[in-house]
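[1] Below: sequence and its predicted model.
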Amino acid sequence: MKFSLTKLRAAFGDIRAMEKLHVDTYTEDIINDIENEPFALSETNVMYAGLSELAGYHYLNTVIVGSFNIKTINGAQLKIEGDDYSLQLKSDMVELESDFSNVSNRSMTKIDFEIEAEDVPKIVKSKIKSLTLTAKKNKAIFTIVEIKTEEN
């Protein structure tokens, strides 16, 4: 007879264990409906990214899907290394938490980074060498994804 510690803890009423066993189709649906194209890849994560502007402030909106899982009140940092520049961006919110989907065993983390208007033109795939995302003790190094489309 095989049993897991999580199932045993859930049987005794541990809320966190019950949450892990709950089938999370809501988070999985969000992961499957991400608007932006894949922007960068790390070993175990995909970063989707896009630029936006709100009331004169510019943001790099990212969604990280994969093993990157955080819960912090200290925000996140994104270091962008380009051909002839380096940018250090801070998240617009300090309180961040990943959503976990036990359907696919992946986490989804939405992080928006503040970016200066003069730095917006630097956020082009062809100019970026690497991106390093840091939050708490978690660190993920991404490289740019080149998506090739087939033409008929």
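    All right, it came through fine. Numbers count the residues shown, from 1 in each chain.
[2] In this protein, where is pLDDT below threshold?
    1-36, 102-104, 147-152 (pLDDT under 70).
[3] Which residue ranges of it form strands?
    38-41, 45-54, 57-66, 71-72, 77-82, 86-90, 96-97, 99-101, 106-115, 128-135, 138-144 (DSSP state E).
[4] what separates the last one from the chain centre, distance-wise?
    Pointing back at strand 138-144 there. 10 Å (CA atoms, centre = their mean, to the nearest Å).
[5] quick one: strands adjacent to that strand?
    strand 38-41 (antiparallel), strand 128-135 (antiparallel) (DSSP bridges).
[6] Figure out which of those strands is closest to Val145.
    Val145 lies closest, by CB to CB, to one member of the strands paired with strand 138-144: strand 38-41, at 4.8 Å. All C-beta spots, glycine's among them, are computed from the backbone N, C-alpha and C.
[7] Report how many residues lie close to Asn61.
    For Asn61, the neighbour count with other CB atoms under 10 Å is 16.
[8] returning to that earlier point: can you redo the strands of the chain as CSV with distance to Pro121?
    Shown next, in CSV, are those (distance: least, CB to CB, whole Å):
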stretch, distance to Pro121
strand 38-41, 16
strand 45-54, 10
strand 57-66, 11
strand 71-72, 30
strand 77-82, 11
strand 86-90, 12
strand 96-97, 27
strand 99-101, 32
strand 106-115, 11
strand 128-135, 12
strand 138-144, 16
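[9] As a markdown table, the strands paired with strand 138-144 with distance to Asp99 and mean neighbour count would be great.
    Below are the strands paired with strand 138-144 laid out as a markdown table (distance: least, CB to CB, whole Å; neighbours: other CB atoms under 10 Å):
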| stretch | distance to Asp99 | mean neighbour count |
| --- | --- | --- |
| strand 38-41 | 18 | 19 |
| strand 128-135 | 15 | 18 |
